[in-house]
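Visitor: Let's see this in three dimensions:
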Amino acid sequence: MLQHTDPYKRTWCMITLFYSPTCPFSARLAPHFNALPQMYNGSIKFIAFDATEFTKLNSRYGVSGTPTVMLWVSGAAVARMEDRTLNDMGLMSFIFDWTDVTPLFGTARSAESPLHIEYDDRPDVFYLSLSLLVAFAVVIYCLRDRICENTRVRTALTWMTAKIDALGNYFAPQPRPEQRR
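Guide: The predicted model follows:
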């Protein structure tokens, strides 16, 4: 992010990606971002930052969510990719619109990728069941007065309370016989 130039004092461009390893959108963008350095053959520098590790950079450059793609010219932030789709065509059109640089190698993809993010698309059963349990508890809490006013429910609660009290007497500790001296 510093103002480095080449030996001839020319301006340079850099694309930065602020990503999060747990973000599904970052995971979908990662293969497209990995292909860009080969497609632009060194005319543009590409850097990826883990936004969860570099929180000072997030606040300094106004990164509020991931993935965030920014264009830098000679160390100054020039543009932020906000209105494009998160794929190779969106990235290439963003770069072309701001720099007039076209890719040299088309859309070649590399098997080796420095930015490796995998996102698991399967539903998380734990969080799903926890969400359903919370929703059920909220419904019961909101309807508790109507439920307890029902005579059948009140009779069932009275019966259950009597049975629990009877079990409590069964499991209660027996009084100790007094020891004689």
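
Visitor: Going by C-alpha atoms from here, please, whenever you check contacts or count neighbours.
Guide: Noted.

Visitor: what sits up against the least confident helix or strand in the chain by mean pLDDT?
Guide: Every helix and strand in the chain was compared by mean pLDDT, DSSP states H and E; the lowest is helix 55-61, with a mean of 74. For helix 55-61, contacts defined as Cα atoms under 8 Å, 6 or more residues apart in numbering pick out 51, 63-64.

Visitor: care to break this structure down by domain?
Guide: 13-99, 125-171 (automatic domain parsing).

Visitor: Going by mean pLDDT, which of those comes out lowest?
Guide: Ranked by mean pLDDT, the domains of the chain bottom out at domain 13-99, which scores a mean of 81.

Visitor: Point out the most buried one among the domains of the chain.
Guide: Sort the domains of the chain by mean neighbour count, taking mean count of other Cα atoms under 10 Å, and domain 13-99 sits at the top with a mean of 17.

Visitor: For the residue minimising distance to the centre of the chain, give its distance to residue 66.
Guide: Centrality entry for the chain: nearest residue to the mean C-alpha point is residue 23, 3.5 Å, by Cα atoms, centre = their mean. Per Cα to Cα, to the nearest Å, residue 23 is found 7 Å from residue 66.

Visitor: Just give me the closest of the contacts of helix 55-61 to residue 158.
Guide: Nearest to residue 158, judged by Cα to Cα, of the contacts of helix 55-61 is residue 64 at 54.7 Å.

Visitor: re the thing from before, got the CA coordinates for the least confident helix or strand of the chain in CSV?
Guide: The C-alpha trace of helix 55-61 is given here as CSV (Å, rounded to 0.1, in the frame of the first residue of the first chain):
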residue,chain,number,x,y,z
THR,A,55,-8.3,-5.5,11.4
LYS,A,56,-6.4,-2.2,11.4
LEU,A,57,-6.3,-2.2,7.6
ASN,A,58,-10.1,-2.7,7.6
SER,A,59,-10.7,0.4,9.6
ARG,A,60,-8.0,2.4,7.8
TYR,A,61,-9.4,1.7,4.3
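
Visitor: how distant is it from the center of its chain?
Guide: Put simply, helix 55-61 sits 18 Å off its chain's centre (Cα atoms, centre = their mean, to the nearest Å).

Visitor: now stretch 130-138
Guide: Centroid separation for stretch 130-138 versus its chain: 22 Å, with Cα atoms, centre = their mean.

Visitor: what do you get for stretch 79-90?
Guide: 19 Å.
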